[in-house]
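Enquirer: Next input, structure requested:
(one chain, ligands or ions: 1)
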Amino acid sequence: MLTIKPNLYPADGYRFKETDGTIFRGPNWNSVLKQVVAYRERAKLPKGDPLREITEQACARQPAICFDDQGRVAPKTQLSLKSKCLKWLNGFFQAKEKGESLAFVSAGEAEKRAEICRACPANHDLNISGCSSCKQSFAEFRKGILESRVQLKGVHGCGVLAVDLKVAVHLDEIRIDNPNLPAVCWRKKAL
Ligand code: SF4
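Expert: Numbering: from 1, shown residues only. The predicted model follows:
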């Protein structure tokens, strides 16, 4: 289990980012913890395990301020695909909230793209079923961005682009030249 060293000031301050994008800051970890607990109660979010979640985030950002059960410095952890997709969704959700208009493709085109993703090895399950606050954030962002557009089945997170495919297949974005994308990928720029 990871623990934050008590006497070290984190380089980017005492902070925690909630799954809905809200950021909490305070003069120490205890203050951040209290804010997260109170916020989840007010917003009727699942209680979760705030201490563990704050610790994991802080240690992922700055492994040197943490140690594990054996007293070793915490290994550098990578953001999960779930976290990357949530961050990506949050960007579009915030843009929409600010009144920016997003461009979408037709329903038929979205279905054609989804069909390609379903057969693609980069289409990974996001494993959100066991985390109610993540489930709630994904549902809110997807609905907020797509409105009445259909959330197509069988598409999850793209391991190459780190995007949520339920939304990505509907968005009219420019094609990109990424050598890691398979030749059949609808997002790949044709040479
Ligand atoms: S690489 Fe392309 S086809 Fe494969 S899952 Fe990602 S977006 Fe879909």
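Enquirer: From here on, just use CA atoms for contacts and neighbour counts.
Expert: Fine.
Enquirer: Could you give the separation of the lengthiest helix in the chain from the chain centroid?
Expert: Secondary structure of the chain per DSSP state H: the longest helix is helix 81-97. Mean-position distance between helix 81-97 and its chain equals 6 Å (CA atoms, centre = their mean, to the nearest Å).
Enquirer: same check, this time on stretch 6-24
Expert: The answer for stretch 6-24 is 16 Å, by CA atoms, centre = their mean.
Enquirer: what's the residue positioned nearest the centre of the chain in contact with, if anything?
Expert: Closest residue to the average C-alpha location of the chain: Leu86 at 2.3 Å, with CA atoms, centre = their mean. Applying CA atoms under 8 Å, 6 or more residues apart in numbering, we find Leu86 in contact with 19, 137-138, 164.
Enquirer: Up against the ligand, what does the protein have?
Expert: 116-117, 120, 122-123, 158, 160, 181-182, 185-187 (CA under 6 Å from any ligand atom).
Enquirer: 8 Å instead, please
Expert: 113-114, 116-124, 155, 157-161, 163, 165, 168-169, 180-182, 184-188 (CA under 8 Å from any ligand atom).
Enquirer: Sort out for me which of these are in strands.
Expert: Using DSSP state E to define strands, the subset of the residues of the chain next to the ligand located there is 123-124, 157-158, 163.
Enquirer: Compare the residues you listed and tell me which is most surrounded.
Expert: Gly157 (25 neighbours; other CA atoms under 10 Å).
Enquirer: Nearest spatial neighbour of that one, chain-adjacent residues omitted?
Expert: Spatial nearest neighbour of Gly157, excluding adjacent residues (CA to CA, 6 or more residues apart in numbering): Asp164 at 4.7 Å.
Enquirer: picking up where we left off before, of the contacts of Leu86, which belong to strands?
Expert: Members of the contacts of Leu86 lying in strands (criterion: DSSP E): Asp164.
Enquirer: Let's see which of the contacts of Leu86 end up in helices.
Expert: 137-138.
Enquirer: and the contacts of Leu86 as a markdown table, adding neighbour count and pLDDT?
Expert: Converted to a markdown table, the contacts of Leu86 look like this (neighbours: other CA atoms under 10 Å; pLDDT from 0 to 100):
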| residue | neighbour count | pLDDT |
| --- | --- | --- |
| Thr19 | 17 | 78 |
| Ser137 | 19 | 86 |
| Phe138 | 21 | 92 |
| Asp164 | 26 | 97 |
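Enquirer: residues contacting Ala107?
Expert: 149-150, 170.
Enquirer: just for the chain, where's the confidence low?
Expert: 69, 71-78, 191 (pLDDT under 70).
Enquirer: which residues in it form helices?
Expert: Using DSSP H, helices in the chain cover 29-42, 50-61, 81-97, 107-118, 132-146, 165-168.
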